[in-house]
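A.B. asks: Need a 3D model of the sequence below.
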Amino acid sequence: QVQLRESGGGLLQAGGSLRLSCAASGGTFSSFSMGWFRQPPGKEREFVAAISRNGGTGYLDSVKGRFTISRDNAKNTVTLQMNSLKPEDTAVYYCAARASYNSNFYSVIPAEYNYWGQGTQVTVSS
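C.D. replies: Model prediction:
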């Protein structure tokens, strides 16, 4: 059973930066594509960023150029560097893992992910 644990959330002012980390255990990390999703207050969970097994990345349009996803297979971690944060980035952020045979593939669909972390709150004030 794969377990994911996020860390790094917090409260900050607009324009600031945060680095979210997700530590994985209980599985072969390199066999998973990884994603970050978020759920703003009163809204559905949405895709933020993903990274394939071989390092290919994808982003929500509104975070392109501000957020960067990366992975360290040696440390079983995936990180989301968030810069120039805006109040509309306020949400609970979730890390997710998807078993992927295709090393080039990542998904933007939450239902296609097999494992989820408990989430970490990010609050950006104006």
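A.B. asks: what's in contact with the helix or strand hosting residue 21?
C.D. replies: Taking DSSP states H and E as the definition, residue 21 sits inside strand 18-25. By C-beta atoms under 8 Å, 6 or more residues apart in numbering, the residues outside strand 18-25 that reach it are 2-10, 12, 32, 34, 36, 76-82, 85, 93, 95, 97, 117, 120, 122. Just so you know, the C-beta spots here come from the backbone N, C-alpha and C atoms, and that holds for glycine as well.
A.B. asks: Toward the C-terminus from that strand, list the very next helix or strand.
C.D. replies: Using DSSP H and E, the first helix or strand after strand 18-25 is strand 32-39.
A.B. asks: what is the rounded mean pLDDT of that following strand?
C.D. replies: Averaging pLDDT along strand 32-39 yields 98.
A.B. asks: Now that strand: buried residues?
C.D. replies: Residues of strand 32-39 classed as buried: 32-38 (neighbour count, 16 or more other C-beta atoms under 10 Å).
A.B. asks: Pipe these into a markdown table and attach distance to residue 67 per row.
C.D. replies: Below are the buried residues of strand 32-39 laid out as a markdown table (distance: C-beta to C-beta, whole Å):
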| residue | distance to residue 67 |
| --- | --- |
| 32 | 20 |
| 33 | 17 |
| 34 | 14 |
| 35 | 12 |
| 36 | 8 |
| 37 | 12 |
| 38 | 10 |
